[in-house]
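# Please work out how this folds:
(one chain, ligands or ions: 1)
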Amino acid sequence: MTAWGVRDLTVRRGTRTALDGVTLDVVPGEVVAVVGGDGAGKTTLLRTLVGAITPVSGRVAAPALREIGFMPTTSGTWRELSVQENVAFVGGAYGLRGALLAERSERLLAATGLAGVRRRAAGDLSGGMRQKLGFVLAMLHEPALLVLDEPSTGVDPVSRVDLWRLVSSAAVAGTAVVMATTYLDEAERASGVLVLDRGRVLASGPPDEVVAGAPGVVRSVPAATVPAHAWRRGAQVREWFADPSGAPGEAVTPDLEDAVIAAALAKEALSAR
Ligand SMILES: Nc1ncnc2c1ncn2[C@@H]1O[C@H](COP(=O)(O)OP(=O)(O)OP(=O)(O)O)[C@@H](O)[C@H]1O
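So this is what the prediction gives:
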């Protein structure tokens, strides 16, 4: 089984090092989530994986271009074209036509709930529907590697669940999927997570291992001891402590969000020394 991905990747954008020694594996049948804040390097990583950016150093293993499905943050749809025309246009670009194109597009339009709006211009679709159309276009040629750049950002919660279902069913069908996301609840459902922070890997592995490997301890506290180490979770205030012994407050069962914050704070504490 071929694993796609990158090894020890360093990429420069302008004068900045956008990625510094990043390794990512994407296996057929699995979804890997790339998480990180604005400017962490998610888009740069995905674009380098699909061959749109040349790295300074490191290795990229990806299938041939026509075996890759790529959905950019902007969904990759043509706003002036109808849903049907978007599908026909992209299908044509991949050399799909006739019964094969009809069968693929009908199946994908039905799965995404877009069959009823096939004559509507993509620009008149809701944000969530437009992202689903972007997914249809990226999947039309049945790629071996599906690369999705923040498909669910700004999408309503119901459409987010729909999109996740589509993405995971693509993986179940054998596609290797990598998706950038800013939603950690979404990343928690992936097989693997890569946490980026200013171009460097903060943590990587299956979500439960990333959570188990989080440095220090996260507690629920009545009031923050060190405000810069505390954050709100619903009605609670949570705080990260480097040293678990004698940490105040109550124990919490950490999730991926806690683990990512803990890893970021531990790194900051280390570099401040
Ligand atoms: N064309 C460019 N020229 C110069 N610097 C760039 C360029 N594109 C990105 N960068 C820089 O590279 C770094 C990584 O950006 P990237 O877009 O990959 O991050 P991201 O995690 O996808 O964040 P966002 O969600 O905000 O797009 C940032 O510091 C960004 O400012």
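# so Gly5 sits in a strand?
Yes: counting by DSSP: H, G, I helix; E, B strand; the rest coil, Gly5 falls inside a strand.
# Glu30 versus that one, what's the distance?
In this view, Gly5 and Glu30 are 11 Å apart by CB to CB, to the nearest Å. C-betas here are computed from N, CA, C, even on glycine.
# So for this protein, the centremost residue is which one?
In the chain, the C-alpha nearest the mean C-alpha coordinate belongs to Ala180, at 2.0 Å (CA atoms, centre = their mean).
# in which helix or strand would I find it?
Take DSSP states H and E as the rule and Ala180 turns out to sit in strand 176-181.
# Just the CA atoms of that strand, as CSV, please.
C-alpha atoms of strand 176-181 as CSV (Å, rounded to 0.1, in the frame of the first residue of the first chain):
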residue,chain,number,x,y,z
ALA,A,176,-6.1,8.8,1.0
VAL,A,177,-7.5,12.1,2.4
VAL,A,178,-5.7,15.0,3.9
MET,A,179,-7.6,18.0,5.1
ALA,A,180,-6.7,21.3,6.7
THR,A,181,-9.1,22.4,9.4
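# start at 167 instead
Will do, 167 is the new start, and the previous item becomes strand 342-347.
# Can you list the buried residues in that strand?
Across strand 342-347, burial judged by 16 or more other CB atoms under 10 Å covers 342-347.
# just curious, which of those is nearest to Asp186?
Nearest to Asp186 among those is Ala346, at 17.4 Å by CB to CB.
# what residues are up against the closest residue to that closest one other than its chain neighbours?
If the residues on either side of it in the chain are set aside, Ala346 comes closest to Lys208, at 3.9 Å by CB to CB, 6 or more residues apart in numbering. If a contact means CB atoms under 8 Å, 6 or more residues apart in numbering, then Lys208 has 200-202, 315-316, 346, 362 as its contacts.
# ok, now with 7 Å
200, 202, 346, 362 (CB atoms under 7 Å, 6 or more residues apart in numbering).
# so how far is Gly202 from the third one?
Spatial separation of Ala346 from Gly202 under the definition CB to CB is 8 Å.
# now the helices for the stretch 217-366 of the chain?
Secondary structure of the stretch 217-366 of the chain (DSSP state H, counting those that start in this stretch): helices at 249-259, 264-278, 293-305, 323-338, 350-353.
# contacts for the longest one?
Spelled out, it's helix 323-338. Under the contact criterion CB under 7 Å, 6+ apart, helix 323-338 has outside partners 195-197, 277-278, 294, 297-298, 301, 305, 312, 314, 317-318, 321, 343, 345, 352, 355.
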